[in-house]
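K.L.:
turn this into a structure:
(2 chains)
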Amino acid sequence: MTLSTKRALLKGFLDMLPLCLAVIPWGILCGSLAIQNGFSAFETQAMSLLVFAGSAQLVAIELMAGNTPLLTILFTTFIISSRHFLYGLAVRHKVIDQPLRWRLPVSFVLTDELFAFSHHRKAYRNKTRLIYALSAGFSFYITWNLWTLIGIVAGSLLPDLTNLGLDFAIAATFIALVIPGIKNLATLATVVSAGVVATVLKSQGFELWLVAAALSAMTIGYLISRIQDKLEHN
Amino acid sequence: MMSTILLMACITFFTRYLFLHRDLPFKVGPKMQQFLSFSAPAVLTAIWVPIVFVTDEGINLDWQNPYLSAAIAAIIVAYKTHNIYYTTLVGMGLFLILN
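P.N.:
Okay, the predicted model is just below:
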């Protein structure tokens, strides 16, 4: 293993570590909630190993426990997962020249958390960057499955950590990822409108709140940057 | 249940892989790329802001809301330090004290 490979592996792991820790409450909840709702330990772990999508898993567990029709469960999964289309589109130009043996594992671990580390201009573009991304992505995968396992084994002994307000950890890590990136008016407007629209839509129980908020905020950011480009050229 | 889990896995993987597939009948042009450059701040913010404000009862705009004070502290630390460890520690620390 070359030095740059080792460094990329370590950096990927360390950059993702705060997020791996921030999702402890959710990972444990995915394990314990499934067990409480009659899933076997095997099914519960398989869900985290194969589906690997926290919000979709939590919703699906409750739906499956309520004997919801299969199509409703799958449709809901699709709605919750639809934000990934946006991630794929946004990183497409960076990854698309890589062979399938890189693109497949990258897409498997392309979570909200990995996407947060994908904005660098050179992200995914060379081998070191790919190793960095896979190290970050799979360390998140491994820890997510570890938290699920803890939830399966000890869920009945632990309090619901998300009700203790530990869901704030996710907010804190995302704040740390978003705020330093606000370097111009367009991005500031994007962030403010994403927050307002998401809060309003989610509190109204609108199912597509996340994608709708993201798309409208991106539109506002895009329009402002276009107007600024035009003003500069005049 | 296992078959439902497998189908769900196919759906999440499909949504993640689709646009990393080479043979798609379109190209992302420069304008689309500029639009997409706002996707990370937009999505991540759309995830964290409702954690702060939305409760089962609706939108909580109360200044006593510990999520809000801790979020403001985290924003200040993130702005000043650009460091995810400091930001998370200060945000979580203040949150646990207030909560």
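K.L.:
where does the most centrally placed residue in chain B land on pLDDT?
P.N.:
Most central in chain B under Cα atoms, centre = their mean is B:Leu44, positioned 2.8 Å from the mean C-alpha point. Model confidence at B:Leu44, given as pLDDT, is 95.
K.L.:
the strands in chain B, which residues?
P.N.:
Ranges of strands in chain B, per DSSP state E, are B:54-55, B:58-59.
K.L.:
and the first one, what does it pack onto?
P.N.:
Right, the one you point to is strand B:54-55. Judged by 3 or more Cβ pairs under 8 Å, 6 or more residues apart in numbering or on different chains; DSSP states H and E, strand B:54-55 is in contact with helix A:185-203. Quick note: C-beta positions are derived from backbone N, CA and C, even for glycine.
K.L.:
in stretch A:34-45, which residues are buried?
P.N.:
A:34-35, A:39, A:43-45 (16 or more other Cβ atoms under 10 Å in any protein chain shown).
K.L.:
after the longest helix seen in chain A, next one along is what?
P.N.:
Assignment by DSSP state H gives helix A:127-154 as the longest helix of chain A. As assigned by DSSP states H and E, the chain's next helix or strand after helix A:127-154 is helix A:168-178.
K.L.:
where's the longest helix of chain A relative to the chain centroid, distance-wise?
P.N.:
12 Å (Cα atoms, centre = their mean, to the nearest Å).
K.L.:
next up, the contacts around the single nearest residue of chain B relative to chain A.
P.N.:
Residue nearest to chain A within chain B: B:Phe19 (3.0 Å; Cβ to the nearest Cβ). Going by Cβ atoms under 8 Å, 6 or more residues apart in numbering or on different chains, B:Phe19 touches A:85, A:88-89, A:92.
K.L.:
can you give me the distance of it to A:Leu104?
P.N.:
13 Å (Cβ to Cβ, to the nearest Å).
K.L.:
now stretch A:220-234: buried residues?
P.N.:
Buried positions in stretch A:220-234, judged by neighbour count with 16+ other Cβ under 10 Å: A:220-222, A:224-225.
K.L.:
next structured bit after the helix or strand where A:Gly88 lies?
P.N.:
Here A:Gly88, judged by DSSP H and E, is contained in helix A:83-95. Beyond helix A:83-95 on the C-terminal side, the first helix or strand identified by DSSP H and E is helix A:100-108.
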